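Asks: what follows is a predicted structure for the sequence shown.
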Amino acid sequence: MSRPSAVIIGAGIGGLTAALGLHRRGWRTTVLERAPTLSPVGAALTLAPNAQRALAALGLGEVSDLAAWDGDGLLRDPRGRPLTRTDSSSVVARFGGPLVVLRRSDLIDLIVKRLSHGTLHTGEAALLADPGARDRRARVTTAQGVYEADLVIGADGINSSVRTVLFPAHPAPAYGGWTVWRILAPMPRPHFVPHETWGGGHVWGSLIRDADSVFIYACAVTERGGRSPDGEKAELRRRFGHWHDPIPALLDSVGEEDILRHDVFHMADPLGAFQQGRSALLGDAAHAMVPTLGQGANMAIEDGVVLAHHAVPGGDLPSALAAYDRERRPRTTDLIRRAERASRLMSLRSRAAVAARDAAIRTLSKVVPGLLLRSFDGIADWHPPTTRIPVA
């Protein structure tokens, strides 16, 4: 019996994860990426234990050994005063694994190396022409030709064309109110302590990527589409240059070319389904969220593994996609809401509101041990439906 075929539109982390899971299952997979080369968006990402367990189910357990955070971490105010503290051993004890910071390109390389030769097609923009049905295969068109497939996965990001075809009446993603800058900077000094700092409508995070570099994310409540006439480094200096050490030194250590800037969009109105016919959505195409929980890529990885788990070759595909939808949509909808609540807390700007927020965090941290980690209960402690996607 011939192997079933799957076409994945989009070669981001979620699409490639799904491709690897389906490949292990025995599917013939084709990944169509409109960009001429794989150029991951964002300098780095943080993999929480939930995503690491999902990747381990694909035979990628080695990611847990890559740049795992070890030591203390602080939540601070702009003057450097601690709001609350945590440490890596507490993360492991509570969630079963560390936080891992790595380049997006490194993770993508790990996945691509495990795909069959010829799976990935770059420079091939794709359009879902027919989502298919129980008795009809799905159809995807490109300038290079037409693909008919037993399964199509829309992993084409926040502005997903697949989502538009499946659910044309659903509102487009909304501006989340934030702009995010992402940077990889040289390690400023020994004994660097990872930290996240909350100001009024501003957030700065510095995480250790490896012995030589720091992953920085800076966020600000600002108008959509703004750009700095004198460059993003100057903009960051205006916003964060007067904050506590080592933030000024980190800014001094990078060039304009090192800084990535993106406006944040999210699914303010969650979808009522992630699938239709023989087609399904995953990652930002299905459930884009503001990045306040740092779970965007983690959720896409979970999606890919859960979808591959249910999509048994030769099985009832519509039932498998319905099971994927039942498993993923409630979880991701909950995370969209939780991320929005965290965003409202971080985006407070009046002095009185910020002072009250910071005082509450300090007080509660003394009363409730592990306050910061508790906010990730139900997120980082997730386990995939299988510990290993079988190899066909």
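Replies: Yep, that arrived. Note that this is a predicted model, so its numbers are computed, not measured. Residues are numbered from 1 along each chain as shown.

Asks: low-confidence ranges in the stretch 51-200 of the chain?
Replies: Across the stretch 51-200 of the chain, residues meeting the criterion (pLDDT under 70) sit at 67-68, 70-71.

Asks: pretty sure Val286 contacts Ala273?
Replies: Wrong residue type there; residue 286 is Ala, not Val. No - applying C-beta atoms under 8 Å, one finds Ala286 not in contact with Ala273, separated by 9.5 Å. Using the backbone N, CA and C atoms, a C-beta is placed for each residue, glycine as well.

Asks: what is in contact with the two at once?
Replies: With contacts taken as C-beta atoms under 8 Å, 6 or more residues apart in numbering, the residues that reach both Ala286 and Ala273 are Arg329.

Asks: which one of these two has more residues nearby?
Replies: With neighbours defined as other C-beta atoms under 10 Å, Ala286 and Ala273 compare such that Ala286 has more, 27 against 15.

Asks: three-state assignment of that one?
Replies: When classified by DSSP: H, G, I helix; E, B strand; the rest coil, Ala286 comes out as helix.

Asks: quick check: Glu148 vs Ile389, distance?
Replies: In this view, Glu148 and Ile389 are 25 Å apart by C-beta to C-beta, to the nearest Å.

Asks: neighbour count winner among those two?
Replies: Taking other C-beta under 10 Å, Glu148 and Ile389 do not tie; Ile389 has more neighbours (22 against 15).

Asks: wait, the more buried one sits on His309?
Replies: Yes - the criterion here is C-beta under 8 Å, and Ile389 meets it with His309 at 6.4 Å.

Asks: between the two, what contacts are shared?
Replies: Common contacts of Ile389 and His309, defined by C-beta under 8 Å, 6+ apart, comprise Gly21, Ala57.

Asks: ok, the closest residue to Tyr175 other than its chain neighbours - how many residues close by?
Replies: Nearest-residue entry for Tyr175: Arg224, 4.5 Å, with adjacent residues in sequence omitted and distances by C-beta to C-beta, 6 or more residues apart in numbering. Applying other C-beta under 10 Å, we find 13 other residues in the vicinity of Arg224.

Asks: pLDDT score for Arg224?
Replies: In the prediction, the pLDDT value recorded for Arg224 is 91.

Asks: any idea how far Asp263 is from it?
Replies: 5 Å.

Asks: ditto for Cys219
Replies: Separation of Cys219 from Asp263 (C-beta to C-beta) stands at 11 Å.
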